[in-house]
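Student: A structural model of the following input is requested.
(one chain, ligands or ions: 2)
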Amino acid sequence: MNEAAGATRYDETYARWRRDPAAYWSEAAKGIAWDAPPRAAFDPALGVYGRWFPGGRLNTCFNAVDRHVAAGRGAQPAIIWDSPMTGRIEAMSYARLQDRVARVAGALAARGVAKGDRVIVYMPMVPEAAIAMLACARLGAVHSVVFGGFAAAELATRIADAKPKAIVSASCGLEPGRVVKYKPLLDAAIGLSPHKPASVLILQRPESPCELTPGRDEDLLAAETAASPHACVSVESTDPLYILYTSGTTGAPKGIVRDNGGHAVALHNSMSMVYGANPGDVYWAASDVGWVVGHSYIVYAPLLAGCTTVLFEGKPVGTPDAGTFWRVCAQHGVKVLFTAPTAIRAIKKEDPEGLLLKRHDLSRLEALYLAGERCDPDTVTWSERLLGKPVVDHWWQTETGWTITGNFRGLGLFPTRPGSGGKPAPGYDVVALDEANRELPRGQIGSLAVRLPLPPSCLPTLFNADQRFRDAYLSAHPGFYSTADAGMIDEDGYVWVMSRTDDIINVAGHRLSTGAMEEVLASHPDVAECAVVGVRDTLKGQVPLGLVVLKAGVTRGEAAIGQELVAMVRDRIGPVAAFKDARVVARLPKTRSGKILRATLRKIADGEDYVVPPTIDDPAILDEVGDVLKAAMR
Ligand code: COA
Ligand code: AMP
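Tutor: Numbering: from 1, shown residues only. Ligands and ions are numbered 1, 2, ... in the order given. Presented below is the predicted three-dimensional model:
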């Protein structure tokens with residue numbers, strides 16, 4: 001396909017969606033097996049801004065697993081677990097996956113889990129994590145997966161909010177050089193949460209089994225073996241499939257809700273349209289099931305499409321080296337690889353000439369997709385040069401569950417522009433707005449927003465928090481969903497995402513709230529006030545830096561206080577926060593009305609141009625703190 005023809009097919013498809021979104025999505029809905037067809041593609045009268053596929057009934061697990069077995073794919077690998085952390089590589093067929101999922105669903109049902117009940121899944125990158133998710137989907141129960149790198153207090157917040165009937169977990173996770181014992185974290189979290197789960201199922205890993213708490217904990221595999229397989233439970237299209245908590249601007253995470261019908265339709269459609277992946281293809285999202293990329297592209301989308309998905313327990317470097325990603329691609333015949341730019345930067349740092357890459361036969365790899373953070377052009381061009389394949393940067397969020405902008409292999413690729421996240425996917429009307437809600441001319445930077453309604457799979461609301469949903473996403477720009485990203489759309493329709501407009505930072509592709517870290521720092525007895533800023537980092541994109549002003553009269557050494565602060569963030573939020581640097585400053589720059597100039601600090605820390613706000617109290621303080629930030633950039 002030449003580029004001009006590619007651009008035409010994209011333009012045509014986008015125009016077709018624009019002309020008649022209901023017809024476009026009704027067509028896409030044919031890719032899903034419905035127990036009862038939807039009465040309409042969209043009903044604007046339902047929910048906060050309308051709901052997709054009302055009246056439709058389906059089961060997401062049936063669509064992801066059972067129907068492929070029925071269609072003759074039973075022997076095809078559904079999941080390839082590749083774990084350099086344990087030295088194990090195991091393929092699981094669709095037939096075996098169906099049996100295991102049905103039994104785990106049976107085990108959960110036997111412990112009282114039914115349609116609508118929540119189940120927390122707190123697991124490392126093992127097949128049982130995907131099995132637990134699918135087992136919930138099979139029952140119509142709502143899973144909420146919590147990333148393993150979070151601390152007990154974060155897990156507790158999620159248990160308290162989701163009120164799960166059961167928790168599925170494992171005895172440990174494996175990080176390079178370190179076994180992460182989950183059980184003490186789990187016990188502490190359950191202890192902290194006012195809500196207690198009735199039942200806990202634990203996967204005992206040979207690397208570090210744990211003691212089970214009598215009367216509450218049971219062995220997951222034993223429960224699975226003893227259980228009877230459970231059938232798929234038909235649910236409403238608009239019933240929730242899962243809740244995924246993501247960082248908000250405060251310490252209280254937002255429970256992003258995903259429904260069954262819209263999610264299945266959009267994700268199934270995305271596999272061929274966005275990635276050009278078809279039934280039988282091997283697809284690998286090198287992420288973690290705890291993140292949205294893991295939900296959508298390790299578990300649901302590849303399985304909905306009848307692909308083989310790779311579930312990888314390892315790191316891009318150090319397990320054992322920077323050639324691991326290429327080894328996995330070659331060994332399993334990966335057609336499309338999806339990862340975060342950070343992972344590629346880490347590989348590039350260790351293997352700049354691609355010597356390890358050249359040791360592997362990558363003839364079956366057709367494209368690399370990147371997302372999760374802003375991607376520097378150098379990372380795109382480096383990987384394109386070494387791989388000799390298209391490298392696509394695409395922009396999306398936990399809230400959307402699939403890409404907002406990108407480049408679409410299924411429609412023929414148009415030329416990419418490194419630094420841009422591509423063009424809007426059919427389904428998204430993306431605009432750049434000014435503060436008065438006016439659409440900005442092409443080329444001008446503003447708040448990136450999506451005209452309502454959002455397409456299928458995007459969040460209909462926040463869990464038990466419609467008003468918070470309206471306040472956080474719909475109120476700044478009436479009629480639009482605010483992405484909280486700033487950027488611009490160029491003359492040719494490419495979208496350039498520059499930075500967040502809130503206090504979310506992106507550390508190694510992990511989305512974190514500086515507000516949550518500030519809450520931790522502020523609780524230290526010696527801290528009078530503080531700010532946490534994401535400082536530019538060549539490997540991780542950003543890393544958090546804590547700036548603290550000590551209370552008058554504190555005479556303890558700065559180093560000791562700094563260490564305590566680092567330990568507190570690790571203990572309360574988790575190692576994933578990568579909070580390693582807290583510095584004492586004499587003062588923080590403020591407006592005359594006493595507000596800390598966070599937006600200006602953010603710009604300095606990101607190496608962006610900034611203007612000194614006219615409302616500043618004392619410009620000298622901004623200079624002092626600016627010097628600290630510049631010195632911290634790496
Ligand atoms: N369970 C427990 N701890 C975890 C964890 C998990 N699932 N994942 C990460 N951590 C810990 C790490 O062990 C590390 O702890 P440490 O401070 O004791 O070293 C800390 O959290 C930070 O981890 P990480 O962000 O992975 O940094 P790193 O320095 O260990 O590795 C990279 C750097 C670039 C290799 C790594 O960040 C990476 O693979 N990035 C890709 C990101 C990605 O896939 N994002 C998903 C969105 S698409
Ligand atoms: P998450 O919800 O963890 O997926 O993080 C979403 C945020 O990551 C977005 O709001 C952006 O700030 C950032 N992001 C994700 N993908 C991209 C991309 N391709 N380009 C720029 N920023 C991105």
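Student: where does the stretch 301-450 of the chain get nearest to ligand 1, which residue?
Tutor: Here the residue of the stretch 301-450 of the chain nearest ligand 1 is Gly372; by Cβ to the nearest ligand atom that distance is 3.5 Å. Any C-beta I mention is one placed from the backbone N, CA and C, and that applies to glycine too.
Student: what about the residue of the chain positioned farthest from its centre, which SS state?
Tutor: Counting by Cα atoms, centre = their mean, the extreme residue of the chain relative to its mean C-alpha position is Gly553, 43.4 Å from that point. Secondary structure of Gly553, reduced to three states by DSSP: H, G, I helix; E, B strand; the rest coil: coil.
Student: do you know how far Cys172 is from ligand 2?
Tutor: According to Cβ to the nearest ligand atom, to the nearest Å, Cys172 stands 25 Å off from ligand 2.
Student: can you tell me the closest non-neighbouring residue to that residue?
Tutor: Ser208 (4.1 Å; Cβ to Cβ, 6 or more residues apart in numbering).
Student: which helix or strand contains the one you found?
Tutor: In the assignment (DSSP states H and E), Ser208 maps to no helix and no strand.
Student: what's the spacing between the residue farthest from the centre of the chain and Asp526?
Tutor: Gly553 sits 10 Å away from Asp526, going by Cβ to Cβ, to the nearest Å.
Student: quick one: pLDDT of the residue nearest to Trp17 when sequence neighbours are not counted?
Tutor: Excluding its sequence neighbours, the residue lying closest to Trp17 (Cβ to Cβ, 6+ apart) is Pro426, at 3.7 Å. At Pro426, the predicted lDDT confidence score is 98.
Student: contacts only, for Pro426.
Tutor: With contacts taken as Cβ atoms under 8 Å, 6 or more residues apart in numbering, Pro426 has the following neighbours: 13-14, 16-18, 24, 273.
Student: quick check: the farthest pair among these?
Tutor: Using Cβ to Cβ, these span at most 15.4 Å, a distance reached by Arg18 and Met273.
Student: so for the two, which residue has more residues nearby?
Tutor: Between Arg18 and Met273, Met273 has the larger neighbour count (other Cβ atoms under 10 Å), namely 23 against 12.
Student: which residue comes closest to the more buried one once chain neighbours are left out?
Tutor: Gly410 is the one closest to Met273 (Cβ to Cβ, 6+ apart), at 4.1 Å.
Student: again with Asn278
Tutor: Nearest residue to Asn278, sequence neighbours excluded (Cβ to Cβ, 6+ apart): Ser272, at 6.0 Å.
Student: wait, the one you found touches Gly410, no?
Tutor: Yes - contact status for Ser272 versus Gly410: in contact at 4.6 Å, counting by Cβ atoms under 8 Å.
Student: show me which residues of the stretch 101-250 of the chain are close to ligand 1?
Tutor: 148-149, 173, 175, 180 (Cβ under 6 Å from any ligand atom).
Student: quick check on the residues you listed: which are buried?
Tutor: Buried members of these, scored by 16 or more other Cβ atoms under 10 Å, are 148-149, 173, 180.
Student: give me the pLDDT for the most centrally placed residue in the chain.
Tutor: With the centre of the chain defined as its mean C-alpha position, the nearest residue by Cα atoms, centre = their mean is Val292, 2.9 Å away. The predicted local distance difference test score for Val292 is 97.
Student: and the gap between it and ligand 2?
Tutor: Taking Cβ to the nearest ligand atom as the criterion, Val292 is separated from ligand 2 by 5 Å.
Student: what strand or helix carries Thr8?
Tutor: Thr8 belongs to helix 3-19 when elements are defined using DSSP H and E.
Student: which other residues reach that helix?
Tutor: By Cβ under 8 Å, 6+ apart, the list of residues contacting helix 3-19 reads 1, 24, 273, 408, 411-415, 423-424, 426-427, 429.
Student: over to stretch 465-474?
Tutor: Looking at what lies outside stretch 465-474 - Cβ under 8 Å, 6+ apart - the contacts are 48-49, 248-249, 254-255, 399, 452, 459, 461-462, 480-482.
Student: just those residues: which has the poorest pLDDT?
Tutor: Taken together, the contacts of stretch 465-474 show their lowest pLDDT at Thr249, with 67.
Student: now Pro352: how far from ligand 2?
Tutor: The span separating Pro352 from ligand 2 equals 23 Å under the rule Cβ to the nearest ligand atom.
Student: low-confidence ranges in the stretch 501-634 of the chain?
Tutor: Counting by pLDDT under 70, the stretch 501-634 of the chain contains no low-confidence segment.
Student: let's go with 90 and repeat that
Tutor: Low-confidence segments of the stretch 501-634 of the chain, defined by pLDDT under 90, are located at 501-504, 555-557, 591-596, 598-600, 602-620, 622-634.
Student: strands of that one, start to end?
Tutor: Using DSSP state E, counting those that start in this stretch, the strands found in the stretch 501-634 of the chain span residues 504-507, 510-513, 527-537, 541-550, 582-584.
Student: and for the second one, what are the contacting residues?
Tutor: Under the criterion Cβ under 8 Å, 6+ apart, residues 149, 246-251, 253, 291, 398, 503-506, 544, 573, 576-578 lie in contact with strand 510-513.
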